[in-house]
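Give me a model of this one.
(chains A and B)
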Protein chains: 2
Amino acid sequence: MQVIHQDDRLSLRLGGDALLDHAPGAPAFFVGRGRERMEMYRGNFEIEDYLESREALGHLTVSEAKAGLRLELRRHATDEVQLTLRLVELEDGVRLETLAVAEGINRFWLRLAAQGAERVWGGGEQMSYFDLRGRHFPLWTSEPGVGRDKSTYVTWQSDVVNRAGGDYYHTNYPQPTFISSRRYFCHLETSHYADFDFRHAEFHELQVWGLPSTILLREAPTFLALVEKISATFGRQPPLPDWVHNGVILGLKRGQAHAEAKLAEALASDMAVSALWCEDWAGVRETSFGTRLFWDWRWQPERYPSLDRLIGELRERDVRFLGYVNPYLCVDGSLFPEAEARGYLATDGQGQTAIVDFGEFDCGVVDFTNEAACAWFKDAILRREMLDFGLSGWMADFGEYLPVDVSLHNGVSAKVEHNRWPVRWARVNAEAIAEAGLTEEVTFFMRAGYSGVQGHCPLLWAGDQSVDFSHHDGLVTVICAALSSGLMGNAFHHSDIGGYTSLFGNTRDAELFMRWAEMAAFTPVMRTHESNRPTENVQWFDDPQVAAHLARMSRLYVHLAPYLKVLVAEGSERGIPVQRPLFLHFEDDAEGYAIQDQYLLGPDLLVAPVHEAGRHDWSVYLPAGVEWVHPWSGERHAGGGRVTVAAPCGEPPVFYRADSQWAGLFADLASRA
Amino acid sequence: MQVIHQDDRLSLRLGGDALLDHAPGAPAFFVGRGRERMEMYRGNFEIEDYLESREALGHLTVSEAKAGLRLELRRHATDEVQLTLRLVELEDGVRLETLAVAEGINRFWLRLAAQGAERVWGGGEQMSYFDLRGRHFPLWTSEPGVGRDKSTYVTWQSDVVNRAGGDYYHTNYPQPTFISSRRYFCHLETSHYADFDFRHAEFHELQVWGLPSTILLREAPTFLALVEKISATFGRQPPLPDWVHNGVILGLKRGQAHAEAKLAEALASDMAVSALWCEDWAGVRETSFGTRLFWDWRWQPERYPSLDRLIGELRERDVRFLGYVNPYLCVDGSLFPEAEARGYLATDGQGQTAIVDFGEFDCGVVDFTNEAACAWFKDAILRREMLDFGLSGWMADFGEYLPVDVSLHNGVSAKVEHNRWPVRWARVNAEAIAEAGLTEEVTFFMRAGYSGVQGHCPLLWAGDQSVDFSHHDGLVTVICAALSSGLMGNAFHHSDIGGYTSLFGNTRDAELFMRWAEMAAFTPVMRTHESNRPTENVQWFDDPQVAAHLARMSRLYVHLAPYLKVLVAEGSERGIPVQRPLFLHFEDDAEGYAIQDQYLLGPDLLVAPVHEAGRHDWSVYLPAGVEWVHPWSGERHAGGGRVTVAAPCGEPPVFYRADSQWAGLFADLASRA
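As a prediction, the model looks like this:
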């Protein structure tokens, strides 16, 4: 990257082309003032800005300063300085640091030069669009929406009944970072509400409702190297515990007897099972959304009478037991009074404990800006109630719901802390496990995230898909989620097999569950979910055909373990995601750049999940330059075009490189299934 | 109104309170630059602004100048002048005139001081909210939307299938004019896209995507006087032709035999009929929306074999015949080639005739910026094909669809002409009638409008309600439309009895039709409509009970003619609307200000249409200070509170002032029904 400045002009160039061009008549920096309206309803936000001013900082003065260039930006020559930045040249790019800003400014826009054919990816974990070009992306952690497509019945009803329909950009895990096909990444260090706008032909415009402390622009010769740098920036995950490779994690949530019975059925059907995940280990309550968990994070013997004993017994059979936790405490639980008495809960404007409605029940919010509250949560809950109890992991749910009107211990506005909350939540979990010395043994999985979550959260899950094949909330969105979050340095991703959200008559059938299981067998972790309405949705244990299919997929997954373990090690050491967009290994294949419903599982396996109902075959794009083998038929195909293969349930469309060192393992897939 | 200026401050005061306050730290004027995206789909617009700058004009210089004060506005003291205005003091207010503006500016904002309890009304013809406070109102003539409420099935399906669901602010007739409860009105003379924002506690913010040529702020001691001034500003309507008072105008559109047969049935059932309105007089075509008209504006003998003779025969029986016209010509009609050959149609960027999709058929747009095209339309169509043919009036439909990307004869951007189009269209119709010397004899009715339409369009109709009781698109919206447009100086308003739009399984029943007829009997004009899907919706002639009810309502309407004619004369002479909000005559009754589902018909009749299904009684607010009589029961009620009265079909909740000079006429309503 080249930095050129002359008089009142500044130019960053990448490979000879403009990356940032600032001149008086064509400024790159804008500041202003706005008054936002933010309203939360159960994790869904209505956000609106009333923009009072937006002014171009057309006048630039550049001077040499300690450790870089000092940029003073004014609206015009006779104006006071509005914004002072330091530009630090790095080996592979630049870092812009905000040194000072004029009073009252709370909006910032940066324009980067765009190119016609350029693609951009990232923005955290995106569910609808992998390539962000042509759209804008508000970056604010929230519920991702149910349906996420205003043309569908489920979305419409979710909007009308729960204000929860959502849109293409809603995500549990936003991040103000993107990768360009020009082989650079851009990161804004900030937790303010942001909106990255990639709709313009000549520029990308990055908006922040505050000033980013730094802006990072770094290049790399390859996308792999770029992802490695991103991962180094935000932190890396520990390797997944070895036990995950033993099979599927069975999500069961109807009490102990049910869990034990279903495990027995699974093992009887030759299913490879690594763990039971019983999110109801702490109890349940009934609501109109369905049976909800009781948010008081300790074993509830009523539902699991001898869980303490069961966990030990399972461990002997090499089956782990996983639980569930989130950062809220229900007011009618045992932990809430303790947290409240200690002053560990966020407060409202009047100094009273802030109470948040989670859908027919109320909770307090543990204030993770208070280190004492973090220590208490780690020790009193995660350590004593969960790790010491023998849990090998848990879903660390939520993180997106910090209300913007609570008062926090550190005195920072909840609007500014909101996006950071998933990272704080991840850190509490990771530290509790690390402090117990169990990082290599215990895992947890989150849906929420933000810049830096990578360094704390060992495993993402794709959140709450609808139990269907819909474009914006169904099975296929998991792939987009894995690819986008993967480029941000989240190496390990997985999803609820069968999806989660079943509302307004939308229920899953056997086909959906089976197609989902097929995809999951080719991801880092396999885990089932009973959904929010277990009795209305197909479960593997209700249908012998589905159970047999899941068992078969679990065996494929275990068969791939040697390969997966190498990928997991690579993910942990270098930050390269296990699931990769095609261009990560096929940079010269232009067609692959547009594909978001296929992925590479490591360098050698191409996975193209069937994500439509009623299909018996499937069209797959095979990257150019190598030969691909279809393990079920043994057929070989030259890359560089589409092939249509038979894709009955049980033969997910996957291909391996003929020249892979793992070709033998892959060739055996058919015989092991 | 008081104008105070000192140094860099300017203040307009009304009754001692600020109306406009401009000071360096609290400016009232803002300018900027934006890039709008406007996309039209069959009269529905998607409009989005990308705001590049918005800058406060904090620095003001005031100097005495010819005919007023010269205001020079800068962003700061050392800046170039961005905006120069002239402030002219009027007897009752001020006029601000734009003299000059800096290059590149295409956005303008004006802040007026708001008060806590202040209400504002107007914005043209609004269908959802009479009091505009608490919301913003984009002002752009368009289809008003089908359903207009994102929570309803009809709206959702209209959005999904036709992009046509709309929202609360969509209207055929916007106008950048409002009345404040502080007894002033504000008008911005412009046809640019505008958005009036009444959401803020301390100010109203008026946004224009261009510079208004003038800003008018005028006060009056009473609302009646204020409306009279508004009417004097925008023009007044001629009196309605006397024949409208003869009874209901029957909307029939299934050809001549049907029209003649239904007229005979109507007269046999003692219905008072003033006219037949046969919009299919020029022929029809079939589309998926239903049977549409054939947009070639001349008698089509196939559907009306002897219409020429029939019109004369009807006239002998004192029944008029009305037709239909709109400003577009279908490409497969006889008039399109002539208009095209003469160069009277709007063109696209390449000089070809612009073709607009109206829903499965294409049309040319007659270019009313070309006086020769206007003269041709007036003479070749309105005069020769319609007036000379014997029509006594017509629906002058549309006017909202000028595409923003066509090229016009006068060289002005279609984005700027778009809002003016309804006024140009109204003028063509009014002039054709006036040039034939028939203004007192022939009428036409429009749904589209904009500032100035008042001087040309003699009669509004409320557009295309859904055939239901819904809050945002049903019967009740007609009242809001009449009241808001009435305050803008449109004295005469009416609606399609029974509503119009029947889509997605939404059809009208007998009750809706009857309740609508009850309301229509207490408006300036009664007119039925068969709807867009005549055979799927209840018609009076399909149900003897409905026919008898409509006949009864037509007799009530005729009975009121002596009173109505006085109101019509008053409307024509002073611009006072026939249908009036309660506060127009009861300024001291605070409660009446909040009511938008009742109205005064002239000074003496209070009308509270039943606008819910299944009701047998109805709660009515009676303004304070007078005694009110319920004509059906003869019961008297003191004003100043709510009463609940029996309201079976046939006894619409109306009340008259006991002290009215028309009390005898009103008392006879019951016996005449």
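
Residues in a beta bridge with residue A:174, which ones?
residue A:124 (DSSP bridges).

What's the separation between it and residue B:135?
29 Å (CB to CB, to the nearest Å). Glycine gets a C-beta too; all of them are placed from N, C-alpha and C.

So those two - more neighbours on which side?
Each of residue A:174 and residue B:135 has its neighbours counted (other CB atoms under 10 Å in any protein chain shown); residue A:174 has more, 30 against 16.

That one contacts residue A:127, doesn't it?
No. With contact defined as CB atoms under 8 Å, residue A:174 and residue A:127 do not form a contacting pair (11.1 Å).

so where's chain A shaky on pLDDT?
A:673 (pLDDT under 70).

again, only using 80
Along chain A, segments meeting pLDDT under 80 span A:289-290, A:672-673.

Give me the residue at the spatial middle of it.
The residue lying closest to the centre of chain A (CA atoms, centre = their mean) is residue A:125, at 4.3 Å.

Now do the same contact list for that residue.
A:171-175, A:449, A:460, A:462, A:481, A:484-485, A:488, A:490 (CB atoms under 8 Å, 6 or more residues apart in numbering or on different chains).

Which ones among these lie within strands?
Judged by DSSP state E, strands contain the following of the contacts of residue A:125: A:174-175, A:460.

count of residues packed around residue A:625?
For residue A:625, the neighbour count with other CB under 10 Å is 13.

Wasn't it part of a helix?
No. Counting by DSSP: H, G, I helix; E, B strand; the rest coil, residue A:625 is located in no helix; its state is coil.

Would you agree it is in contact with residue A:657?
No. The criterion here is CB under 8 Å, and residue A:625 misses it with residue A:657 at 10.0 Å.

before we move on, back to that, want to throw the contacts of residue A:125 into TSV with distance to residue B:56?
Listed next are the contacts of residue A:125 as TSV, based on distance: CB to CB, whole Å:
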residue	distance to residue B:56
A:171	35
A:172	38
A:173	38
A:174	32
A:175	34
A:449	38
A:460	45
A:462	45
A:481	43
A:484	39
A:485	41
A:488	39
A:490	43
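
can you name the two of those residues that are farthest apart?
Greatest spacing in those, by CB to CB: A:175 and A:462 (15.2 Å).

who's more crowded, those two?
Higher neighbour count among residue A:175 and residue A:462: residue A:175, with 31 against 27, using other CB under 10 Å.

Quickly note the distance from that one to chain B.
Residue A:175 sits 24 Å away from chain B, going by CB to the nearest CB, to the nearest Å.

Outline the domain layout of chain A.
A:2-232, A:242-324+A:370-405+A:412-579, A:582-672 (automatic domain parsing).

Out of these, which gets nearest to residue B:247?
Once CB to CB is applied to these, the stretch that comes out nearest is domain A:2-232, at 43.0 Å.

Look at that closest one and report the distance between its end residues.
In domain A:2-232, first residue to last residue: 23 Å (CA to CA, to the nearest Å).

cool, and stretch A:456-467?
From the first residue to the last, stretch A:456-467 extends over 29 Å; the measure is CA to CA.

for it, the distance to its chain's centre please.
Mean-position distance between stretch A:456-467 and its chain equals 6 Å (CA atoms, centre = their mean, to the nearest Å).

Same question for stretch A:537-554.
That offset, for stretch A:537-554, works out to 27 Å (CA atoms, centre = their mean).

What's the end-to-end length of stretch A:210-219?
This stretch, stretch A:210-219, spans 26 Å end to end (CA to CA).

Just the buried residues of it, please?
A:210-212, A:215-219 (16 or more other CB atoms under 10 Å in any protein chain shown).

Could you do stretch A:131-150 as well?
Within stretch A:131-150, judged by 16+ other CB under 10 Å, the buried ones are A:131-133, A:135-150.

three-state assignment of whatever residue of the stretch 301-450 of chain A ends up closest to chain B?
Chain B sits closest to residue A:405 of the stretch 301-450 of chain A, with a gap of 18.5 Å, by CB to the nearest CB. Secondary structure, three-state DSSP: residue A:405 is coil.

residues contacting the nearest residue to it once chain neighbours are set aside?
Among residues not flanking residue A:405 along the chain, residue A:414 sits closest, at 6.5 Å (CB to CB, 6 or more residues apart in numbering or on different chains). Taking CB under 8 Å, 6+ apart, we find residue A:414 in contact with A:346, A:402-408.
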